[in-house]
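Student: Predicted coordinates and the sequence they were generated for:
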Amino acid sequence: MSNEPDDPRSEWDPLGWELEGPANQTSNLPVPRAVEVVASVPPGDPPYRSRNPAVTMLAVSVLLAVFGLVGIGIGVGSVFFNQDTPTPEVVVVSGPQVVSASPGQPPALQAPLVVPPADQSPAEQSTESAIPVDPVVEVARAVTPSVVLIEAIATGDEAEIPEFDLPRIDPEGELPPRNDLEPPGEEPDGLEDRPLIVGQGSGIIYDASGHILTNAHVVGDAEAVRVQLADGTRAGGVVVGTAPAIDVALVKVDTDVALTPAVFADRSTVEVGQLAVAVGSPFGLQQSVTSGIVSAVGRAIREGTGESAFVEMIQTDAPINPGNSGGALANRFGQVIGMNTLIQTDGSVGNIGLGFAIPSDIALNIAQRILAGESTELGFLGVSGTDPEIGHPGALVLQVHEDTPADRAGLMAGDLIVLIDSEVVSTFTELAAKVQFRVPGTEVELEVVRDDERITLTVVIGSLPVEELEDG
């Protein structure tokens with residue numbers, strides 16, 4: 001085979017062509033295979049050579065370096081051109097903190113995560129406390145200015161000093177007289193002319209003109225009161241009116257001090273389990289605050305003192321004691337949801353976690369009726385009944401009294417009353433509470449189950465005779 005200098009294969013030959021020496025020189029290399037030339041390289045064109053990897057890596061490195069320099073230039077330029085742009089705020093919220101300690105040692109306290117407002121400077125942020133305010137503290141700040149201490153003043157030959165003001169569901173067990181709180185010994189000279197306190201409790205400021213809500217049993221038969229405001233100011237006042245059957249009273253004080261009326265919330269907003277904060281003057285200790293939860297709503301209860309009606313009350317485990325009567329029961333927003341009224345006991349004097357408050361809308365309704373000069377008589381239906389032993393809940397009618405609103409409306413013994421004005425009736429005491437709270441002359445609709453069929457009856461509520469307090 002030719003090995004002339006012009007032969008393009010003379011400079012490269014991976015198959016073992018002879019590159020030097022005569023053509024007939026022997027070689028120890030294997031005999032090359034025959035190669036058929038399909039196409040030849042035109043004269044003057046250099047043969048194809050494989051690309052060196054080192055050159056390729058160098059080119060890639062140069063390109064990356066160029067892109068890196070361009071990115072650095074853009075970053076530096078943005079700093080100079082955006083010096084006036086505020087730095088975006090980044091808030092990092094951490095996860096739950098886990099505190100561990102060696103056995104027998106208390107865990108170390110961890111500072112709570114507090115994110116300061118964005119409009120504060122670092123100096124302002126560092127001077128403020130990092131401890132959040134407790135919800136009960138916030139409620140106390142909002143409610144205490146609207147809660148007062150009330151003392152009922154005897155005028156003329158009034159009754160002797162009464163017992164503690166807070167009624168109990170348990171009628172047994174005797175309460176100590178109020179003067180048992182006084183230390184033994186003779187009274188100091190000069191106290192003979194002081195007014196005789198015949199009742200003591202708490203009150204809720206109703207409006208800025210001086211009207212204050214309280215319980216009827218706090219003022220009793222007194223006509224005059226003395227009120228101590230949250231700031232310690234004392235002012236005289238009078239009893240405007242009372243509704244003893246529902247245990248609501250309204251008094252008015254005369255003072256130049258600006259009053260802070262309470263903010264009230266309807267009972268429809270109250271839910272079992274929510275925060276409940278009681279504010280009042282237990283045993284005369286003004287502005288006392290206790291807290292708990294709402295244990296139940298719509299608890300139809302009669303106080304058991306005097307001619308009392310059934311009232312759908314709010315039950316709470318917030319500690320309530322004698323002197324809390326007439327005080328506020330508030331929710332977590334500082335709104336008054338009820339007026340503390342009574343406790344259930346086991347024969348002892350103190351609280352056992354069963355307190356009851358008249359819902360705000362009931363107390364406000366009675367106050368408005370007193371201010372308007374309207375009657376505070378209880379509503380009357382004219383039936384006797386009980387709770388069904390089995391089956392659907394409701395008020396089971398056992399007897400319909402003659403010539404009563406129920407008789408005129410067509411109610412019959414055996415009827416099961418399940419709704420009154422679309423309000424669910426679960427027990428007979430609930431029916432009594434709903435009827436007695438309505439103003440006499442009001443027209444209501446009763447939904448009744450009779451012979452497994454639901455019918456609707458329209459009833460005009462009557463006035464409750466004293467002897468009919470036990471029935472609806």
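Tutor: Thanks, I have the structure now.

Student: I figured N324 was touching G201, is that so?
Tutor: Yes. Counting by Cβ atoms under 8 Å, G201 is a contact partner of N324 at 7.5 Å. All C-beta spots, glycine's among them, are computed from the backbone N, C-alpha and C.

Student: where does this protein have its least confident helix or strand?
Tutor: helix 122-127 (a mean of 50; mean pLDDT, DSSP states H and E).

Student: List the buried residues in whichever helix or strand comes after that one.
Tutor: Once the chain leaves helix 122-127, the next helix or strand it forms, by DSSP states H and E, is helix 135-143. Within helix 135-143, the residues scored as buried using 16 or more other Cβ atoms under 10 Å are V139, A140, A142, V143.

Student: next one: stretch 274-294
Tutor: Buried positions in stretch 274-294, judged by neighbour count with 16+ other Cβ under 10 Å: 275-282, 284, 286-292, 294.

Student: Now that stretch: average pLDDT?
Tutor: The average pLDDT for stretch 274-294 rounds to 93.

Student: now do the same end-to-end measure for it.
Tutor: Across stretch 274-294, the terminal residues are separated by 6 Å (Cα to Cα, to the nearest Å).

Student: right, and V297 touches Q315 too?
Tutor: Yes. Proximity of V297 to Q315 meets the contact threshold set by Cβ under 8 Å, at 7.4 Å.

Student: Select the longest strand from this protein.
Tutor: Taking DSSP state E as the criterion, the chain has its longest strand at strand 288-301.

Student: Beyond that one, next helix or strand please.
Tutor: Next along the chain after strand 288-301, taking DSSP H and E as the criterion, comes strand 311-316.

Student: The very next helix or strand once past that next one packs against which elements?
Tutor: Note on strand 311-316: by DSSP H and E, the next helix or strand toward the C-terminus is strand 328-330. In terms of contacts (3 or more Cβ pairs under 8 Å, 6 or more residues apart in numbering; DSSP states H and E), strand 328-330 is packed against helix 135-143, strand 275-280, strand 336-343.

Student: would you list those in JSON lines and tack on distance to G236?
Tutor: What follows is the helices and strands packed on strand 328-330, written out as JSON lines (distance: least, Cβ to Cβ, whole Å):
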{"stretch": "helix 135-143", "distance to G236": "24"}
{"stretch": "strand 275-280", "distance to G236": "21"}
{"stretch": "strand 336-343", "distance to G236": "22"}
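
Student: Quick one: closest of those to L58.
Tutor: helix 135-143 (69.3 Å; Cβ to Cβ).

Student: avg pLDDT for the helix or strand that the closest one is followed by?
Tutor: Once helix 135-143 ends, the next helix or strand along the chain (criterion: DSSP H and E) is strand 147-153. The average of the pLDDT scores along strand 147-153 is 93.

Student: ok and strand 147-153 relative to helix 135-143, angle-wise?
Tutor: Between strand 147-153 and helix 135-143, the angle comes out at 60 degrees (axes from the mean of the first three to the mean of the last three Cα atoms, to 10 degrees).

Student: For the helix or strand just after strand 147-153, which residues meet the burial criterion?
Tutor: Toward the C-terminus, strand 147-153 is succeeded by strand 197-205 as the next helix or strand (DSSP H and E). For strand 197-205, the buried set under the neighbour-count rule, 16+ other Cβ under 10 Å, comprises I197, V198, G199, Q200, G201, S202, G203, I204, I205.

Student: which residue packs closest to the third one, ignoring adjacent ones?
Tutor: Closest residue to G199 apart from its sequence neighbours, by Cβ to Cβ, 6 or more residues apart in numbering: A152 at 3.4 Å.

Student: before we move on, what about the last one?
Tutor: The shortest distance from I205 to any residue other than its chain neighbours is 4.6 Å, reached at S146 (Cβ to Cβ, 6+ apart).

Student: burial measure for that neighbour, as a count.
Tutor: Look at S146: counted by other Cβ atoms under 10 Å, it has 24 neighbours.

Student: and it, what does it touch?
Tutor: Shown in contact with S146 (Cβ atoms under 8 Å, 6 or more residues apart in numbering): I204, I205, A230, T260, P261, A262, V263, A328, V336.

Student: How much space separates the residue nearest to G199 from V62?
Tutor: Taking Cβ to Cβ, to the nearest Å as the measure, A152 falls 99 Å from V62.

Student: Compare the two and say which one has the larger neighbour count.
Tutor: A152 (29 against 9).

Student: Give the bridge partners for the more buried one, please.
Tutor: G199, V225 (DSSP bridges).

Student: Please report how far F67 lies from V55.
Tutor: For F67 relative to V55 (Cβ to Cβ), the value is 19 Å.

Student: Please determine how far the residue lying closest to Q274 once chain neighbours are set aside is located from A262.
Tutor: Using Cβ to Cβ, 6+ apart and skipping residues adjacent in sequence, the residue nearest Q274 is V294, 5.2 Å away. Using Cβ to Cβ, one gets 18 Å for the distance from V294 to A262.

Student: do the same with G326
Tutor: 12 Å.

Student: Need the residues touching each of those two.
Tutor: Both G326 and A262 are contacted by I204, under the criterion Cβ under 8 Å, 6+ apart.

Student: neighbour count winner among these two?
Tutor: G326 (35 against 24).

Student: The more buried one: what's its closest spatial neighbour, skipping adjacent residues?
Tutor: Closest to G326 by Cβ to Cβ, 6+ apart is T214, at 3.4 Å.

Student: Look at the one you found and report its pLDDT.
Tutor: Turning to T214, the model gives it a pLDDT of 95.

Student: swap in I461?
Tutor: So I461 comes in at 93 (pLDDT).

Student: wait, it sits on L378?
Tutor: No. With contact defined as Cβ under 8 Å, I461 does not count as touching L378 (9.4 Å).

Student: list the residues that contact both of these two?
Tutor: Common neighbours of I461 and L378, using Cβ under 8 Å, 6+ apart, are P440.

Student: Let me see the ranges of the helices in the stretch 351-472 of the chain.
Tutor: Secondary structure of the stretch 351-472 of the chain by DSSP state H, counting those that start in this stretch: the helices cover 360-371, 405-409, 428-437.

Student: Contacts for the longest one, please.
Tutor: Residues from elsewhere that reach helix 360-371, judged by Cβ under 8 Å, 6+ apart: 206, 211, 213, 240-243, 246, 248, 250, 264-267, 311-312, 336-339, 375-376, 437, 439.

Student: could you check the angle strand 197-205 makes with that helix?
Tutor: Going by the same axes, to 10 degrees, helix 360-371 makes 110 degrees with strand 197-205.

Student: Just the angle for helix 360-371 relative to helix 428-437, thanks.
Tutor: Helix 360-371 runs at 30 degrees relative to helix 428-437, counting by the same axes, to 10 degrees.

Student: Just tell me which of the helices and strands packed on strand 328-330 ends up closest to L396.
Tutor: Among the helices and strands packed on strand 328-330, the nearest to L396 by Cβ to Cβ is strand 336-343 (27.5 Å).
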